[in-house]
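>>> Please work out how this folds:
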Amino acid sequence: MELDFRKLYVTKLFDFSKEDEELIFEIYDHLSAIYDISVIDIENSPYDQFKSHYVDFLQEPKLCYSITNKRNTSTFYLFIVNLIGTSIRGARTTDKYDSLELWGLKETHEDYGFISINKKKLADRIAGIFSRFNINSKENRDFKDFYVLGSDPYKTMAFLTSQRKVTIKSISDEDFNLQIKNNIIGLRIPKAMRVDNALMISKFFEEI
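Numbering: from 1, shown residues only. Below is the predicted model:
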């Protein structure tokens, strides 16, 4: 990694511990070996369009990477998000972050309305709690292990092409949360920030 990267973004890293800084640079190094990557202001990403009108002050994106594959055919955004813990009464436990997660966003050319996709857990299958919400069709039987909620069934099925189903199935973290809001796809991995999660999210968005 070039030294000027550290100098240029030193003001963006003052909130992080030394260990987190090293992990952030390690993630950057791994991604820059595969993609064209740059750090951008969050305001220049689709984050404001994607986030809910309700602002969750316990979730705050701290860094944003704009990432493009080497063939220049796919561009997406990777966020390092600061999550603040709360006490049992809802008060903040600390002014510092409790954990860092990786989220990703990608813009598409189509409007798919609202879609939410999660992997079903064993308890969900036993209870059958998803049956009345899940979008089922003959074309969707190969996706029966996923909870799919869509505001428009036709737009949802238009999004779930055969190739996209394969790509979603390839997400190795079973706790992922995938949401589509109009023309923006969002993927959250609710686990502590790691290099392999950054690579997994990036591969997903390159293929989706």
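
>>> CA atoms only for the strand of greatest length in the chain - export them in PDB, please.
Selection of the longest strand in the chain by residue count, based on DSSP state E, yields strand 59-69. Output in PDB follows, covering the C-alpha atoms of strand 59-69 (Å, rounded to 0.1, in the frame of the first residue of the first chain):
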ATOM      1  CA  GLN A  59     -25.300   2.800  13.700                       C
ATOM      2  CA  GLU A  60     -22.900   5.200  12.000                       C
ATOM      3  CA  PRO A  61     -20.900   4.600   8.800                       C
ATOM      4  CA  LYS A  62     -17.300   5.800   9.500                       C
ATOM      5  CA  LEU A  63     -15.500   5.000   6.200                       C
ATOM      6  CA  CYS A  64     -16.700   4.400   2.700                       C
ATOM      7  CA  TYR A  65     -14.800   2.700  -0.100                       C
ATOM      8  CA  SER A  66     -15.800   3.100  -3.800                       C
ATOM      9  CA  ILE A  67     -14.800  -0.200  -5.500                       C
ATOM     10  CA  THR A  68     -14.700  -1.000  -9.200                       C
ATOM     11  CA  ASN A  69     -13.600  -4.300 -10.700                       C
END
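
>>> what's the next helix or strand after that strand packed up against?
Sequence order places strand 75-83 as the next helix or strand after strand 59-69, per DSSP states H and E. Using 3 or more C-beta pairs under 8 Å, 6 or more residues apart in numbering; DSSP states H and E as the contact criterion, the neighbours of strand 75-83 among helices and strands are strand 59-69, strand 99-107, helix 195-207. In short, each C-beta sits where N, CA and C put it, glycine included.

>>> Helix 195-207 and strand 75-83, what's the angle between them?
Following axes from the mean of the first three to the mean of the last three C-alpha atoms, to 10 degrees, one obtains 150 degrees for the angle between strand 75-83 and helix 195-207.

>>> quick one: strands adjacent to strand 75-83?
Using DSSP bridges, the strands paired with strand 75-83 are strand 59-69 (antiparallel), strand 99-107 (antiparallel).
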